[in-house]
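> sequence below, structure please.
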Amino acid sequence: MNSTNSIALMLLTLRYALARRVGWPGAVGVLLLGFTLLAALAIAPRWEKNAGEIKSQTRVALVDLNRARLEHRVQPKTSEQLRRFTAWFPTIDHNASDLRRLLEQAQLAKLDLTKGEYHVSDADGAAFVSYEVVLPVKASYDTLRSFIAGVLNAIPNASLAELHIERAAVNSTIQDARIHFTFVYRGV
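Modelled structure (predicted):
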């Protein structure tokens, strides 16, 4: 017997042993696994090359993005920017219309404002004047939230400085709240 016949005989014996042990579906599965392994080994270098190209393109794009970001960064011209920033704020004579809008938002939220504390803090020659409004109210959480959001959306120079909420009883839906708004105006 020559060596090619003995190899062919061994492969044939192996095939029949494999077919007896795992059956024809198992043999087909082993063949498919072998084919998949060969295909993966053939394609893997191409995938690695593509991944390397994508990484280098990403690095270049990131460098370009950072360069563009630095080029487009606006260097502050402090006096001009400060002048434009302060010009955005209304003057204190807009205070009456801001309070009117605050009351309109209270009506929209169905909130009864019976009293409030108002205080103007004005330092001579200051760039800004703040008008403090403190409102003690009793309402549900949803009403309070709606009112505060309405005021902040309607009056751009308003900010919520403080919000204190207490519930009188565990089963109560009405909250005792203290809402503190600050309206900022341009100094004269």
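
> and the strands in this protein?
Here the chain has its strands, by DSSP state E, at 117-121, 128-140, 158-167, 174-186.

> mean pLDDT, distance to residue 3 and mean neighbour count for those - can I get that in JSON lines?
Quick note: C-beta positions are derived from backbone N, CA and C, even for glycine. Formatted as JSON lines, the strands of the chain follow (pLDDT from 0 to 100; distance: least, C-beta to C-beta, whole Å; neighbours: other C-beta atoms under 10 Å):
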{"stretch": "strand 117-121", "mean pLDDT": "90", "distance to residue 3": "104", "mean neighbour count": "11"}
{"stretch": "strand 128-140", "mean pLDDT": "93", "distance to residue 3": "94", "mean neighbour count": "18"}
{"stretch": "strand 158-167", "mean pLDDT": "94", "distance to residue 3": "92", "mean neighbour count": "13"}
{"stretch": "strand 174-186", "mean pLDDT": "93", "distance to residue 3": "95", "mean neighbour count": "18"}
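
> can you list these in CSV and add distance to residue 2?
Shown next, in CSV, are the strands of the chain (distance: least, C-beta to C-beta, whole Å):
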stretch, distance to residue 2
strand 117-121, 108
strand 128-140, 98
strand 158-167, 96
strand 174-186, 99
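
> can you pull out the helices in this structure?
Along the chain, counting by DSSP state H, helices occupy 3-72, 78-88, 95-108, 141-154.

> could those helices go into JSON lines alongside distance to residue 115 and mean neighbour count?
Output for the helices of the chain, formatted as JSON lines (distance: least, C-beta to C-beta, whole Å; neighbours: other C-beta atoms under 10 Å):
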{"stretch": "helix 3-72", "distance to residue 115": "51", "mean neighbour count": "10"}
{"stretch": "helix 78-88", "distance to residue 115": "32", "mean neighbour count": "10"}
{"stretch": "helix 95-108", "distance to residue 115": "12", "mean neighbour count": "15"}
{"stretch": "helix 141-154", "distance to residue 115": "15", "mean neighbour count": "16"}
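
> domain map for the chain?
Domain assignment for the chain by automatic domain parsing gives 1-73, 83-186.

> those: lowest mean pLDDT?
Mean pLDDT is lowest for domain 1-73 out of the domains of the chain, coming in at a mean of 80.
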